[in-house]
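*Asks:* Here is a sequence together with a model predicted from it:
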Amino acid sequence: MARIEEDKEDLMVDATALVHRAEFVRTDDEGAPHTWHIVTIGFRKDDSLSVYFDQDPFYQFDASGLLRRALEDSLLLRSQTDTLAKLHRARSDASTTLLREDLSPEQLEAFRQRMRTYVEELVALLADGKLDRRRVVSDDNALNQRVVEALRQVLSQKDPFLSKAIRQRR
């Protein structure tokens, strides 16, 4: 039987590399359908930012706000400096193979617009006080402000908006 991946049970517990992290819940859920309800946001020791909208999508940025990797529709995307490599797992009963496909310029721009929509909505909800911070693992008293500043830095990125290529594991 092929292996099946499952959602993480609890990002606030599992995401230990995010030394400063917080979980927010939307408070504008007045019956309207939304693409996400819970967002988990955190910083690594090197100040790189990760944002998880529910379980999918997620975006990981370097300390300067450039995109390193993402997960969208259960597909991992990894920076190649000038595009994103979409990684897909092909499963059989005996093995799993990782297949790579680089995004075309049109696909990359469509991805960028989807990502910006998520990040812009998050910044607006934070600014409007429409997110309730439920849990936090941090000694940073200004974590909310730090998150907003990091997200604005992400939104300010022009071309390139991608980090240097992520080295392949050997």
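*Replies:* Sure, I can see it. Numbering: from 1, shown residues only.

*Asks:* Disregarding residues adjacent in the polypeptide, which is nearest to Leu76?
*Replies:* Nearest residue to Leu76 in three dimensions, chain neighbours excluded: Leu87, at 4.4 Å (C-beta to C-beta, 6 or more residues apart in numbering). All C-beta spots, glycine's among them, are computed from the backbone N, C-alpha and C.

*Asks:* hey, what's that neighbour bridged with?
*Replies:* Leu76, Arg100 (DSSP bridges).

*Asks:* Can you give me the neighbour number for it?
*Replies:* Per other C-beta atoms under 10 Å, the neighbour tally for Leu87 reads 15.

*Asks:* For Gln60, which residues are in contact?
*Replies:* Counting by C-beta atoms under 8 Å, 6 or more residues apart in numbering, Gln60 touches 48-51, 67-70.

*Asks:* Could you confirm it falls within a strand?
*Replies:* Yes. Using DSSP: H, G, I helix; E, B strand; the rest coil, the assignment for Gln60 is a strand.

*Asks:* bridging residues for it?
*Replies:* Gln60 has these beta-bridge partners by DSSP bridges: Ser50, Arg69.

*Asks:* that older thread, wait, the residue nearest to Leu76 sits on Thr97?
*Replies:* No. Proximity of Leu87 to Thr97 does not meet the contact threshold set by C-beta atoms under 8 Å, at 10.6 Å.

*Asks:* out of the contacts of Gln60, who has the most neighbours?
*Replies:* Most surrounded of these: other C-beta under 10 Å gives Leu49, at 24 neighbours.
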